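[1] Give the three-dimensional model of this entry:
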Amino acid sequence: MSLVRLNIKGISYSQTQNGAYALILSEVDGDRKLPIVIGAFEAQSIAIALEKEIKPPRPLTHDLFKNFSDRFDIVVKQVIIHKLVDGVFYSSLICERDKIEEIIDARTSDAIALALRFKAPIFTYKNILDKAGIYLKVNPKRDEEHQGDNILMDEVLAEEIETSTPQDNYKGKTLDQLNKLLEKAVANEDYETAARIRDEISRR
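    The predicted structure follows:
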């Protein structure tokens, strides 16, 4: 079975599952997206790894794993999403120490949080992408061709990965005030609020 490389497209609050988030992986050499529902803690950990300017005051669980691995010269070389059973994705960490390779089972959300920290590539098998991949509705003809074997993006994204509108209004704040709020949110380990403030600063 051939491997397909994936990139992280985005992460947002799930509109259909309370307290869950939707992580969207994008096919590197194609148009398909792979949506994966993950928990709030893992979503927070992935978001922090993606947002370089938010530094937790204390290491999160995945940061601890990275620090531990660095100390003992263990490297995560790649992550493979290798199985899909009843809507649940199964993943493996391909690790190396002293030129000896080991395969470790992991939840997909944990595996991706670690892949970001190790700068390791993420792969899945073509048959998994064929089964669970979704298309953006751009070409109606292509949509008809894949109607039977792929979930279409138009319906799924409306429910699953539409970015929720932040309840806090930061538009009236100055940049200096926003930076102070950002520091306070990070100090309080409120990374969801910190990410929203950081988004507003980036928009400025």
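[2] Spatially central residue in the protein, please.
    Centroid check for the chain by CA atoms, centre = their mean gives L23 as the closest residue, at 4.5 Å.
[3] for it, what are its contacts?
    I8, I11, P35, I36, V37, I38, A43, I46, S109, I112 (CB atoms under 8 Å, 6 or more residues apart in numbering). All C-beta atoms are positioned from the backbone trio N, CA, C, and that covers glycine.
[4] swap in E42?
    E42 makes contact with Y21, R107, S109, D110, A113 under the criterion CB under 8 Å, 6+ apart.
[5] Make sure it is indeed in a helix.
    Yes. Judged by DSSP: H, G, I helix; E, B strand; the rest coil, E42 forms part of a helix.
[6] name the element L93 belongs to?
    strand 88-97 (DSSP states H and E).
[7] which helices and strands does that strand pack with?
    For strand 88-97, the elements it packs on are strand 75-85, strand 100-107, helix 108-118, judged by 3 or more CB pairs under 8 Å, 6 or more residues apart in numbering; DSSP states H and E.
[8] what's the angle from the last one to strand 100-107?
    Okay, so that is helix 108-118. 130 degrees (axes from the mean of the first three to the mean of the last three CA atoms, to 10 degrees).
[9] Use 21 as the first number for this chain going forward.
    Fine by me, first position is 21 from now on; the one you just mentioned is helix 128-138.
[10] what are the phi and psi angles of the closest residue to R78 other than its chain neighbours?
    What sits nearest to R78 in space, not counting adjacent residues and going by CB to CB, 6 or more residues apart in numbering, is E209, at 7.9 Å. When read as degrees, to the nearest 10, the backbone of E209 gives phi 60, psi 30.
[11] ditto for L80
    The phi and psi values for L80, taken as degrees, to the nearest 10, are phi -80, psi 170.
[12] Now for it, how many residues are close by?
    Neighbour count of L80, defined by other CB atoms under 10 Å: 18.
[13] can you put the contacts of E62 in CSV and add neighbour count, pLDDT and distance to V95?
    Listed next are the contacts of E62 as CSV, based on neighbours: other CB atoms under 10 Å; pLDDT from 0 to 100; distance: CB to CB, whole Å:
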residue, neighbour count, pLDDT, distance to V95
Y41, 24, 86, 28
R127, 15, 96, 20
S129, 22, 96, 21
D130, 21, 97, 17
A133, 29, 97, 16
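[14] returning to what we had before: let me know the closest of the contacts of L43 to I221.
    I31 (18.6 Å; CB to CB).
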